[in-house]
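S.K.: need a structure here:
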Amino acid sequence: MRQFSATDAKQRLAELLDAAQREPVMIRRQQRDVAVVMSPREYDRLRGARIAEFERVCDRISAEAVRRGLTEEKLEKLLADDE
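M.R.: Residues are numbered from 1 along each chain as shown. You can find the predicted model right below:
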């Protein structure tokens, strides 16, 4: 992964943005990683993967809840506002 210091990132923004279209670029400040710049396509790919994984986790939790006897009626009762 290509790296830019925060100062270089400010001074060479156009170059940083061009590089980010090819691969994620790390921004460092005082020897610490502080940000990653990436293309919108790469961001969408990562976001889609996270959403898909979240949906798989929800499906597994739902299947386990059903296996343990949770029904729509029981869920409604659990979520009812008892105020």
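S.K.: contacts for the helix or strand where Arg28 lies, please.
M.R.: Assessed by DSSP states H and E, Arg28 sits inside strand 25-29. Residues from elsewhere that reach strand 25-29 (Cβ atoms under 8 Å, 6 or more residues apart in numbering): 1-6, 9, 16, 19, 33-38. Where C-beta positions appear, they are placed from N, C-alpha and C, glycine not excepted.
S.K.: any idea of the mean pLDDT in that strand?
M.R.: Across strand 25-29, pLDDT averages out at 98.
S.K.: neighbouring strands - and their directions - for that strand?
M.R.: strand 2-5 (parallel), strand 32-37 (antiparallel) (DSSP bridges).
S.K.: export only the CA atoms of it, formatted as PDB.
M.R.: Once non-C-alpha atoms are left out, strand 25-29 reads as follows in PDB (Å, rounded to 0.1, in the frame of the first residue of the first chain):
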ATOM      1  CA  VAL A  25      -3.400   4.900   0.100                       C
ATOM      2  CA  MET A  26      -2.400   5.300   3.700                       C
ATOM      3  CA  ILE A  27      -2.100   8.800   5.200                       C
ATOM      4  CA  ARG A  28       0.400   9.000   8.100                       C
ATOM      5  CA  ARG A  29       0.900  11.700  10.700                       C
END
